[in-house]
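Undergrad: need a 3D model of the sequence below.
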Amino acid sequence: MNDCTREIIEITSIFLDNSNNNASLTLSSASKKYKKLLLQLSELDIDKEECNQHIHTTKGKALATIPAADCIDDFMRTKQFILGTYNAINSLLTQPNQNIHILYAGTGPFAALLLPSMLRFSKESISYTLMDINPTSLQALKKVLAKLELDKHTIELIDQNATEYQIPHSESFDIIISETMQAGLAREPQVSIFLNLMRQSSQSTLFIPEKIEIFIGHKTTGIPMEEIKKEDYKKAVKIFEVSKEALNSYINTNTEIENSSFDEVSSILKKSSIKNSDLLLLLTEINVFGNQTLRTQESGLTLPLIIDNISEKKQNDIIIKSSYKIDKQPRFEYQIVSQKS
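TA: Here you go, the predicted structure:
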């Protein structure tokens, strides 16, 4: 084991602490050290144009290499995904001589959410398929793996669009990881990636994150944005879920996902429930695996998104018609009606 490997194992031990009392400053410091070391190993030029160009597909935006690396700075997201991934692997390696196969779709330049597990589990136990659409990111990842002596493990690097990837008939995956999302499932292709890969996977395959839930919600009136706490956001109704269970019926009844919308959902907010609210919001919550979660405002992935100011509409019930749209810019589309009761 070389010095860089030891250093990363030491840094990431903070993320693998099962306790919930990691101080924000401790996690933030660990994230910065983790990213700095990975940047050094990758030899990336952060100012180079090709490292900062997003790739736009028919089903959403794939982040450029440096913005993908910067995701590590979201320290709660980094902790919960690293720990959730580690726990998911542990849950499958329950028998001696058991082997599993992991697919990581959208690795960025470091495979940062899986890397701590790769350094801790036996190379005889796990094989890896690491996929990204960005060749610059994959070149950087190849350097990182070599310098950490992980190239001795069973690893296949694939330059592919995960929304279109066809799993070979000879292969199957026990765990599929993809964190290719923003708050409100906007712009990036998380939904399309999971739809594509779920269609081709067995019922026993674990997906990370396990569940993404989208809610219509509202904010308490009169609280300045700089003083607002997560308790001031109120969930009203769930309008969308990404999980094996929730997507199963859609997968069974839809053969194509390009340029399509999910069924429209009609939600009613009673005036009695919103009388002390001023903003209509889209709220995101994530179950990574087991007890590892990201709730409203705990991460950049779960920041509330403003849909509308309802200060002048809350005298009546409000009807929100919403549907999730898959195209070049995945997003929720809304129609909001203030209805006299």
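Undergrad: how many residues are close by residue 204?
TA: When neighbours are defined as other C-beta atoms under 10 Å, residue 204 has 8 of them. No exception for glycine: its C-beta is placed from N, CA and C like everyone else's.
Undergrad: okay, and for the stretch 151-300 of the chain, where does confidence drop off?
TA: 254-259 (pLDDT under 70).
Undergrad: the strands in it, which residues?
TA: Ranges of strands in the stretch 151-300 of the chain, per DSSP state E, counting those that start in this stretch, are 154-159, 175-177, 206-208, 211-220, 233-242, 260-261, 265-269, 277-289, 292-294.
Undergrad: neighbouring contacts of the helix or strand harbouring residue 34?
TA: Element membership of residue 34 [criterion: DSSP states H and E] is helix 24-42. Helix 24-42 has contacts (C-beta atoms under 8 Å, 6 or more residues apart in numbering) with 4, 7-8, 11-12, 14-15, 46, 69-70, 72-76, 78-79, 109-110, 112, 115, 140-141, 143-144, 147-148.
Undergrad: follow-up on the earlier one: please work out which of the strands of the stretch 151-300 of the chain is packed deepest.
TA: Among those, strand 175-177 has the highest mean neighbour count (mean count of other C-beta atoms under 10 Å), at a mean of 24.
Undergrad: can you select the buried ones among the contacts of helix 24-42 for me in PyMOL?
TA: For the buried members of those, the matching PyMOL selection, counting by 16 or more other C-beta atoms under 10 Å, is:
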select buried, resi 4+8+11+12+14+15+69+72+74+75+76+78+79+109+110+112+115+140+141+144+147+148
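Undergrad: so residue 8, which state does it fall into?
TA: helix (DSSP: H, G, I helix; E, B strand; the rest coil).
Undergrad: ok, it touching residue 148?
TA: Yes - here residue 8 reaches residue 148: they are 6.9 Å apart, a contact under C-beta atoms under 8 Å.
Undergrad: now for these two: what residues contact both?
TA: By the contact definition C-beta under 8 Å, 6+ apart, residue 8 and residue 148 are jointly contacted by 115, 119.
Undergrad: who does the host helix or strand of residue 138 touch, helix- and strand-wise?
TA: Remark: residue 138 resides in helix 135-147, with elements defined by DSSP H and E. In terms of contacts (3 or more C-beta pairs under 8 Å, 6 or more residues apart in numbering; DSSP states H and E), helix 135-147 is packed against helix 24-42, helix 65-70, strand 126-132, strand 154-159.
Undergrad: let's see that helix as CSV, backbone CA atoms only.
TA: Once non-C-alpha atoms are left out, helix 135-147 reads as follows in CSV (Å, rounded to 0.1, in the frame of the first residue of the first chain):
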residue,chain,number,x,y,z
PRO,A,135,-13.6,10.7,-22.1
THR,A,136,-11.6,13.4,-20.2
SER,A,137,-13.1,12.1,-17.0
LEU,A,138,-12.3,8.5,-17.8
GLN,A,139,-8.7,9.4,-18.6
ALA,A,140,-8.4,11.1,-15.3
LEU,A,141,-10.0,8.1,-13.5
LYS,A,142,-7.6,5.7,-15.1
LYS,A,143,-4.7,7.7,-13.7
VAL,A,144,-6.2,7.8,-10.2
LEU,A,145,-6.8,4.0,-10.2
ALA,A,146,-3.3,3.3,-11.3
LYS,A,147,-1.7,5.6,-8.7
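Undergrad: look up how far residue 6 lies from the residue lying closest to residue 128 once chain neighbours are set aside.
TA: Take residue 128 and drop its neighbours on the chain: the residue closest to it by C-beta to C-beta, 6 or more residues apart in numbering is residue 155, 4.6 Å away. Distance, residue 155 to residue 6, by C-beta to C-beta, to the nearest Å: 20 Å.
Undergrad: residue 214 too?
TA: From residue 214 across to residue 6, the span is 41 Å (C-beta to C-beta).
Undergrad: what's the answer for residue 47, then?
TA: 30 Å.
Undergrad: what's the answer for residue 250, then?
TA: Going from residue 250 to residue 6 by C-beta to C-beta gives 46 Å.
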